[in-house]
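1. no sequence for this one, just the structure:
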């Protein structure tokens, strides 16, 4: 009998009516002849509400206690879903992360899964029942409740699918799949029937918000096929899978964009080995997640180094860099929060050299200046003015005929 | 160092401000030189809200899943309280019932504690920290989450106090202690500085709502001194303790009343052995908690049997009794939801024979008819018309000079 893991996000279980609709879908899947393991998030904005409440109570929020707090929402949704399934005659049993045997390290609020035991889930499956597992949480090797950080419920679902040898992991959300561009920006954007893990990774990393980067990495590493689909329409969505070498690749699959980054430029850095290393080590030590880095060729023995960071890290980044100006022997630092990134992603890009040229020509024809460029084998990203990024997305979507 | 268990009910942790006030009190207690273990309930009406939500989702509510749902509220309050304590520099660590080692039987929604391991609590106490434990919940011998039923958080607190050898168990609530009568009915009611376990048991059983019967029984059986007090005024409240034989007992300690029961009368039951047993076995099998039973002397070979049950069980009781009329050879059944019970409780009653007489005289002088009478060694209860019960309470409180 095939085994499918079905994960339902916060909007999919936002209220009693949505929970009953999810129960109905799970019951149909079970009756159609699949074994099902369900993973649920907290209802709607529950987790946001809990974070706000914690802020009202205290400015000190020990990570261990924050995890106890934030993990409580999934317990509510999982037990309610089991009740709705019981009403439909389905033998459903809820499991916390701890009860499901999801063992993590001790890094509270961003724990990593180290082992999935899953014995109790297998017992329920063996008797024909449906285990319903709390997403986003586990139990540490010190027996404390942990949470998995952003996108944690997706990670739970993928990790369970890998551990239980599931045939597919379905990620139900409030959109109908992965699109060739953000449909709010490009109305004619097309839903993609299938993308490769590598394309999905590049899309997640460059602004595609449907799947968290980490769960896609996990799925690729464990070869777990994903199916991103809507719990509102229930229609087939986007399958994310191994690249299929027998199929001819589309050159470009999607245009993504991201307005959440800012740019920092260090001017007049002497062209000596080790200075860049010193800068980025200092930033890493403060937890700043540097994304793109561009260094121009040195002129007159000095160079400018530009890099992008999440907007939330801009202040720290500038402070760190200013503190190092003496040590770097650099002339100054400037920052710019008015930037955005537009990216083209496509597995076929590897074998089609003309993509970069057409991208630059398209942006130039639209009068959009490129401030930084970064590439991978299946992606090209350009930093542009934030106020022009949606124009850039529309122009590229049209030029590459993605609609 | 003395060890105190401090239990805070739902109103004591109803919002961020109340949680900070509780943290302040716990921190002061700790700094004054006591070891402290805290037990918390869910915030305010959280549990009621969850019950309502479950009703919206499903009419099927498997007890195991209901327990998962209902136990989630305490996780929220315990983690928030730990955050508030951290802000005050107190090393506080939260524990679910499972983490605290509160092992129960498998009777979901009304589980009984079978063992308290408490190793993790002792570790935290040993290093000078404050364990904060979720009330109302445990983990069953089958590794499932269980809840302890009504008054469950009080039971958690008393059981932990017994297991850890605490010097006292403080029950913080929204009233300042146990009173000589309900202050809403008798404005001159007096707060009692001290009552014996036996008196408290009788008061809890006859309408005193401050402490649940079960937690008082547990405290008496394990000789855990209780201190019922307010988390709004923090003033000393009522101590509940072993009876002190060196002190002269007040004859009557308190007047209690209860309007939540109804009366059932079976008429014309033949005066034969075994018929009453058959009736009350049938009621017990349907889970009806029969309280008072009165059987009149037989006249002409038949008798009437009256008994009281919680109003919620009245319909079932009448149905069960009607179904047995043939088997009992009885002539009919009638019911009366318009009754209430007024009780006098006092350890000194044992040695003062005039109490019953003065009680009846007082009610007669007030023109209040007595419908049923039941007594224990330290309590006398009369069933009267519900609309007269508050008059009865006031008259008895004055007659026995309890103000």
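-> In hand now; what should we look at? What you see is a predicted model; the values in this text were computed from it and never measured. Residues are numbered from 1 along each chain as shown, chains lettered A, B, ... in the order given.

2. ranking helices and strands of chain A by mean pLDDT, which lands last?
-> Within chain A, confidence by mean pLDDT, DSSP states H and E is lowest for strand A:293-295 among all helices and strands, at a mean of 82.

3. quick one, helices of the stretch 201-350 of chain A?
-> Using DSSP state H, counting those that start in this stretch, the helices of the stretch 201-350 of chain A run over A:213-221, A:275-285, A:314-328.

4. just name the most buried of those.
-> Mean neighbour count (mean count of other Cβ atoms under 10 Å in any protein chain shown) peaks for helix A:213-221 among those, with a mean of 21. Where C-beta positions appear, they are placed from N, C-alpha and C, glycine not excepted.

5. in chain A, what spans have low per-residue confidence?
-> A:245-249, A:298 (pLDDT under 70).

6. farthest from the middle of it: give me that residue.
-> Most distant residue from the mean C-alpha position of chain A: residue A:300, 42.3 Å away (Cα atoms, centre = their mean).

7. roughly how far does that residue sit from chain B?
-> Using Cβ to the nearest Cβ, to the nearest Å, we find residue A:300 at a distance of 54 Å from chain B.

8. backbone dihedrals for that residue, please?
-> phi 60, psi 30 (degrees, to the nearest 10).

9. closest residue of the stretch 301-403 of chain A to chain B?
-> Ranking the residues of the stretch 301-403 of chain A by distance to chain B (Cβ to the nearest Cβ) places residue A:312 first, at 22.3 Å.

10. how many residues are close by that residue?
-> Around residue A:312 sit 12 other residues, with neighbours defined as other Cβ atoms under 10 Å in any protein chain shown.

11. contacting residues around stretch A:97-112?
-> A:63-64, A:66-67, A:70-71, A:113-121, A:131, A:133-134, A:136-142, A:144-149, A:156, A:159-160, B:143-144 (Cβ atoms under 8 Å, 6 or more residues apart in numbering or on different chains).

12. now do the buried residues in stretch A:385-400.
-> The neighbour-count check on stretch A:385-400 (16 or more other Cβ atoms under 10 Å in any protein chain shown) flags A:386, A:388-397, A:399-400 as buried.

13. let's have those residues in JSON lines, adding secondary structure and distance to residue A:191.
-> Formatted as JSON lines, the buried residues of stretch A:385-400 follow (DSSP: H, G, I helix; E, B strand; the rest coil; distance: Cβ to Cβ, whole Å):
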{"residue": "A:386", "secondary structure": "helix", "distance to residue A:191": "27"}
{"residue": "A:388", "secondary structure": "helix", "distance to residue A:191": "26"}
{"residue": "A:389", "secondary structure": "helix", "distance to residue A:191": "22"}
{"residue": "A:390", "secondary structure": "helix", "distance to residue A:191": "20"}
{"residue": "A:391", "secondary structure": "helix", "distance to residue A:191": "23"}
{"residue": "A:392", "secondary structure": "helix", "distance to residue A:191": "22"}
{"residue": "A:393", "secondary structure": "helix", "distance to residue A:191": "16"}
{"residue": "A:394", "secondary structure": "helix", "distance to residue A:191": "18"}
{"residue": "A:395", "secondary structure": "helix", "distance to residue A:191": "21"}
{"residue": "A:396", "secondary structure": "helix", "distance to residue A:191": "18"}
{"residue": "A:397", "secondary structure": "helix", "distance to residue A:191": "14"}
{"residue": "A:399", "secondary structure": "helix", "distance to residue A:191": "20"}
{"residue": "A:400", "secondary structure": "coil", "distance to residue A:191": "16"}
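
14. just curious, which of the residues you listed is nearest to residue B:235?
-> residue A:386 (60.2 Å; Cβ to Cβ).

15. and the residue nearest to that closest one when sequence neighbours are not counted, how far from residue A:250?
-> Closest residue to residue A:386 apart from its sequence neighbours, by Cβ to Cβ, 6 or more residues apart in numbering or on different chains: residue A:340 at 4.2 Å. Residue A:340 sits 25 Å away from residue A:250, going by Cβ to Cβ, to the nearest Å.

16. same check on residue A:400?
-> 9 Å.

17. check residue A:359 too.
-> For residue A:359 relative to residue A:250 (Cβ to Cβ), the value is 15 Å.

18. the two: who's more crowded?
-> residue A:359 (25 against 19).

19. so that one belongs to a strand, correct?
-> No: per DSSP: H, G, I helix; E, B strand; the rest coil, residue A:359 lies outside any strand segment and is helix.

20. pretty sure it sits against residue A:380.
-> Yes: applying Cβ atoms under 8 Å as the test, residue A:359 and residue A:380 come out as touching, 5.7 Å apart.

21. for the residue nearest to residue A:167 when sequence neighbours are not counted, what are phi and psi?
-> The shortest distance from residue A:167 to any residue other than its chain neighbours is 4.7 Å, reached at residue A:2 (Cβ to Cβ, 6+ apart). With angles defined as degrees, to the nearest 10, residue A:2 sits at phi -60, psi 150.

22. most centrally placed residue in chain A?
-> Chain A, centroid-nearest residue using Cα atoms, centre = their mean: residue A:212 at 1.5 Å.

23. wait, that residue touches residue A:148, no?
-> No: using Cβ under 8 Å, residue A:212 is not in contact with residue A:148, being 9.8 Å away.

24. what touches both of these two?
-> Counting by Cβ under 8 Å, 6+ apart, the residues touching both residue A:212 and residue A:148 are residue A:155.
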